[in-house]
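Trainee: Structure here, sequence nowhere to be found:
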């Protein structure tokens with residue numbers, strides 16, 4: 001009778017791991033690392049406490065929830081090498097043309113929380 005309980009415990013562990021893997025703890029955005037240091041932010045905190053829905057940031061994933069078992073595309077899959085001016089490009093450094101600057105900095109300004117200047121997000125590594 002011990003084997004079924006060990007199997008159930010192992011299955012519960014795997015399912016719990018998958019559930020918590022759905023929302024990464026930290027995310028690093030390095031699309032413009034040739035121009036600015038990468039940005040690492042606390043994704044889990046943003047997801048749990050700071051935004052109303054996942055769609056606030058993940059605009060192309062309608063109905064996305066933390067419990068969803070779907071692959072979430074990186075923003076740069078669409079916003080890195082854009083064709084024409086149809087959407088913002090992550091290669092732009094402008095506060096009005098970079099999709100991360102548009103979405104993140106605008107939210108930080110509106111909520112009066114979080115960094116809104118370059119060095120606040122793009123932290124240079126200490127030598």
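Mentor: It's in. Note that the coordinates shown come from a computational prediction; the quantities given were computed from them, not determined experimentally. Numbers count the residues shown, from 1 in each chain.
Trainee: Any chance of the backbone angles for residue 39?
Mentor: phi -110, psi 120 (degrees, to the nearest 10).
Trainee: Who is it paired with across the strands?
Mentor: residue 29 (DSSP bridges).
Trainee: Residue 87 - how many residues pack around it?
Mentor: Counted with other C-beta atoms under 10 Å, residues neighbouring residue 87 total 10. Backbone N, C-alpha and C define where each C-beta goes, glycine included.
Trainee: Pretty sure residue 93 sits against residue 33.
Mentor: No. Between residue 93 and residue 33 there is no contact under C-beta atoms under 8 Å: 11.9 Å.
Trainee: Tell me the secondary structure at residue 109.
Mentor: Classification of residue 109 using DSSP: H, G, I helix; E, B strand; the rest coil returns helix.
Trainee: can you count the residues close to the residue lying closest to residue 63 once chain neighbours are set aside?
Mentor: Nearest residue to residue 63 in three dimensions, chain neighbours excluded: residue 55, at 7.6 Å (C-beta to C-beta, 6 or more residues apart in numbering). Neighbour count of residue 55, defined by other C-beta under 10 Å: 14.
Trainee: distance of residue 55 from residue 64?
Mentor: Going from residue 55 to residue 64 by C-beta to C-beta, to the nearest Å gives 6 Å.
Trainee: what does residue 115 give?
Mentor: For residue 115, the distance to residue 64 - C-beta to C-beta - is 25 Å.
Trainee: what's the answer for residue 97, then?
Mentor: Residue 97 sits 25 Å away from residue 64, going by C-beta to C-beta.
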